[in-house]
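# predicted model and sequence below, questions to follow.
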Amino acid sequence: MALLSGSAVVMRLVQLSRHSIAFPSPEGALREPNGLLALGGDLSPARLMMAYQHGIFPWFSPGDPILWWSPDPRAVLWPDRLHVSRSMKRFHRRSPYRVTLNHAFSAVIQGCASDRDDGTWITNDVVIAWQRLHELGHAHSIEVWQDDELVGGMYGVAQGALFCGESMFSRRENASKTALVVFCDYFLTQGGRLIDCQVLNPHTASLGAVEIPRRDYLQQLAELRQLPFEKRGWVPQTLFTSAG
């Protein structure tokens, strides 16, 4: 992600101060690269939550400054419109997996960090930052187990009835898809309404994710983050038990 090679790009970005957690308006983000808004600052819980509350997220390469993004359009998934293929439905009916919520957050984010052949932005500092968010009750994980082995999962940040998905990983057949299928069903039962996928890719598109204008996403975010989510919603628990 060589985004800082051109000085013109750097000059057009807002440099964040370590003494303020305020962000510029997402409407000021660059068109190319799409959504790049600011750089610098830190990964403190207060700054991260301020970012997510305003439709902004960090994404950067090791060695680069922290980069903050708010792309237009935005990729989202309505959990009641999740596309599950016939083969996946058959697999899930005979699933060998067990799915839990908030049982192994650290292991999930480490799994996401290591499940990338081309490198990852999930550095040790990022892992520590999101672990703090988890301890504060803002970040959550969904774990997929085969017997007692963690074989897949996903994690993200809760904003009321909206869940900002960050990353997922899979070490066995359909493990990450199982995490999403089970989570979407559970999320709906607890009052969840929308999942933020950030940027559309072939994998999320195949699961039913679509692009909407950034202004529509920000409106959805402003409304949904105010809605209540069931108190038991993020309590560690088993969401699904294998058919085997």
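In hand now; what should we look at?
# all contacts plus neighbour counts: C-alpha atoms, from now on.
Noted.
# how about low-confidence regions in the chain?
Residue ranges of the chain with pLDDT under 70: 1-12, 115-120, 231, 243-244.
# again, 90 this time
1-13, 17-19, 61-64, 114-121, 203, 228-233, 242-244 (pLDDT under 90).
# the longest strand in it is where?
Assignment by DSSP state E gives strand 149-159 as the longest strand of the chain.
# partner strands of that one, parallel or antiparallel?
Strand 149-159 pairs in its sheet with strand 139-146 (antiparallel), strand 162-170 (antiparallel), by DSSP bridges.
# which one of the ones you listed lies nearest to residue 179?
For residue 179, the closest of the strands paired with strand 149-159 is strand 139-146, at 6.2 Å, according to CA to CA.
# quick one: distance of that closest one to the chain centre.
Centre-to-centre, strand 139-146 and its host chain are 13 Å apart (CA atoms, centre = their mean, to the nearest Å).
# can you list contacts of it?
Around strand 139-146, the neighbours that count as contacts under CA atoms under 8 Å, 6 or more residues apart in numbering are 96-105, 108, 130-131, 133-134, 150-158, 175-176, 178-179, 183, 234.
# got the buried residues for the helix ranked longest in the chain?
When the chain is parsed with DSSP state H, its longest helix is helix 175-189. For helix 175-189, burial by neighbour count (16 or more other CA atoms under 10 Å) applies to 175-184, 186-188.
# quick one: which two of those are the most distant?
Across the buried residues of helix 175-189 (CA to CA), the longest gap, 20.3 Å, separates 175 and 188.
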